[in-house]
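> Model the following, please.
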Amino acid sequence: MDIQIQSKDIDFRQLIEYSLNSILIIEKEGHILYCNKVCLNLLNVATHEEVLHKSWYRFLHPDFHDVFKERLKRVLEEQEAAELIEQRIIRNDGEFIEIEVMSAPYYLGDEIFAQVIIQDITHRKLAEKLLNEGEKLSAIGQIAAGIAHEVKNPLTTVKGFLQLLKESRPHTYLDIMETELEKAFNTLQNLLQVSKPDLDDEPFVPIDICKELASLLFLFQGRLYNVEIEMDAIDSKRLIIGKRNLLLKALFNLIKNALEAVEDKGKIKIEHYFDEGYIHIKVSDTGVGIPEEQLKQLGNPFFSTKNEGTGLGLTQVFATIREHRGTISVQSIVGKGTTFHIKLPLN
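Got it, this is the predicted structure:
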C-alpha cells in the first residue's frame, strides 16, 4: 500500500513528545520551560509539574554546571548550536546517568530559548568500560602467562635437583625448601589458570547457584566459629548456564576473601535474587573494608589488600564473571565492610 503523508498532516508535537531522545526547552537562567515524556523517564519523575519551571542545574551533576552555563550563553547570545558532548545528570532517585547533550537555539516569537536534546548513554559507557577492562585483563593475562612459563621451567629444574639432594642427604631445611617451592608452583599454576580462562574446555551446563552456594559454605565450617553467616535466597529455582567448576571457584574465592576480611567477630551475608533478566549474587562482609583508591585495582594480578596475598583469587573471579557475560561491582567503606555484587544473565 502506497501511503503519502503531507507535512500539514503531521502532528509535530506528538513527534517531539514521543521522541526517542529527551528534549528540553530552557531559558537563560536555566529554568525548564518544556520537557517531553522521555525526559520524565530519564529524570525518574512522574509528572511534568516536578520538572517545569525548576532549574536544570538541580538535575545536572555539579561538575558540568560551568560548562553548561557557557554553552547556554553561546546558544542564546550568539545563536549558535553547541556541539555534542558527554555530561552526567542526577536522577530524582539519586542515580547518576551518563548522557550526550547537544543544544541549539529555539525561537518563540521574539524570544530565544535553548533546545536541549539528550541521549542516555549509560549502557554504552558501561559496555565501553567492560570492553576496556577486558582488553586490559587480556593483555595482563598474556604477559603473566609468559612470565609464569619462563619462571616455571627453572623452578622445575631446581625441584628435581632438590629431590635428588634429599635422597642423598636428608635435612629439615631441605623439607622446608621443598614446601616453599610447592607454594611457588601453586601460585604459578593459579596464575596460568586465571590468565587464560577461555582455554578451559569445561562445558556449559545448567547450574543451581543457590544449591552450590549452600554446598560451598560447608567447606568453611571450621572457620565460622566467630562469623555469622546469613543466606537470603530469593528465586532459588532459577538456573543459569555456565561452567560449573569455574563459577564455583569464583564464588569460593569471594567467600574466602569475605572471611579473611573479618578480623574478629563479624557477619557475612550472601544474597541471591532475579531481576530484569539477571541473577544477582551479593557477598557482603562487616570486615576491614577497602580504601576507595584501591577499588579500581581489584582484579589485577598480584594486586592484593592482604599482606601475603597475590590477588590471583580476585583475578579469577573477575575473569570468570566476564567470561559468563556478567558484571561485577564492588562497594566498600573502610572499617565497615565490603560488598561484591555479581550479575549473571539468565540465558
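
> And residue 100, what's its pLDDT?
We have a pLDDT of 92 for residue 100.

> Same question for residue 57.
93.

> Surely it touches residue 68?
Yes: taking Cβ atoms under 8 Å as the definition, residue 57 is a contact partner of residue 68 at 7.5 Å. Any C-beta I mention is one placed from the backbone N, CA and C, and that applies to glycine too.

> The two: who's more crowded?
Between residue 57 and residue 68, residue 68 has the larger neighbour count (other Cβ atoms under 10 Å), namely 22 against 15.

> got a list of what that one touches?
Neighbour list for residue 68: 30, 56-57, 60, 87 [criterion: Cβ atoms under 8 Å, 6 or more residues apart in numbering].

> Okay, and it sits in which element?
helix 65-73 (DSSP states H and E).

> What mean pLDDT does that helix get?
Mean pLDDT, computed over helix 65-73, is 92.

> what about residue 160, neighbour count?
So residue 160, with other Cβ under 10 Å, has 10 neighbours.

> Using the three-state scheme, assign it.
What DSSP: H, G, I helix; E, B strand; the rest coil gives for residue 160 is helix.

> gap between it and residue 173?
Distance of residue 160 to residue 173, given as Cβ to Cβ, to the nearest Å: 18 Å.

> again, but for residue 85
With Cβ to Cβ as the criterion, residue 85 and residue 173 are 66 Å apart.

> Looking at the two, which is more packed in?
For residue 85 versus residue 173, the count of surrounding residues by other Cβ under 10 Å is larger for residue 85: 14 against 7.

> check which helix or strand covers the more buried one.
Using DSSP H and E, residue 85 falls in strand 82-90.

> Now do that strand against helix 65-73, angle only.
140 degrees (axes from the mean of the first three to the mean of the last three Cα atoms, to 10 degrees).

> Using CSV, list the CA coordinates for strand 82-90.
The C-alpha trace of strand 82-90 is given here as CSV (Å, rounded to 0.1, in the frame of the first residue of the first chain):
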residue,chain,number,x,y,z
ALA,A,82,26.5,23.8,20.8
GLU,A,83,28.3,20.6,19.7
LEU,A,84,27.6,17.2,21.1
ILE,A,85,29.3,16.5,24.4
GLU,A,86,29.1,13.9,27.2
GLN,A,87,27.8,15.0,30.6
ARG,A,88,26.2,13.4,33.7
ILE,A,89,22.9,14.0,35.4
ILE,A,90,21.5,13.0,38.8
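
> can you list contacts of it?
Residues contacting strand 82-90 (Cβ under 8 Å, 6+ apart): 42-43, 59-61, 63-64, 67-68, 71, 74-75, 96-104, 118, 121.

> what do you get for stretch 229-237?
208, 210-211, 213-214, 217, 267-274, 279.

> circling back: could you write me a PyMOL select line covering just the buried ones among the contacts of residue 68?
Selection command for PyMOL covering only the buried members of the contacts of residue 68, criterion 16 or more other Cβ atoms under 10 Å:
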select buried, resi 30+56+60+87
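
> What is the nearest of the contacts of residue 68 to residue 327?
When the contacts of residue 68 are ranked by distance to residue 327 (Cβ to Cβ), residue 87 comes first, at 23.4 Å.

> Nearest spatial neighbour of that closest one, chain-adjacent residues omitted?
residue 64 (4.5 Å; Cβ to Cβ, 6 or more residues apart in numbering).

> Tell me how many other residues surround that neighbour.
By other Cβ under 10 Å, the residues close to residue 64 number 18.

> which element is residue 249 on?
helix 244-261.

> And that helix, what does it pack against?
strand 205-207, helix 209-218, strand 266-275, strand 278-285, helix 312-323, strand 337-345 (3 or more Cβ pairs under 8 Å, 6 or more residues apart in numbering; DSSP states H and E).
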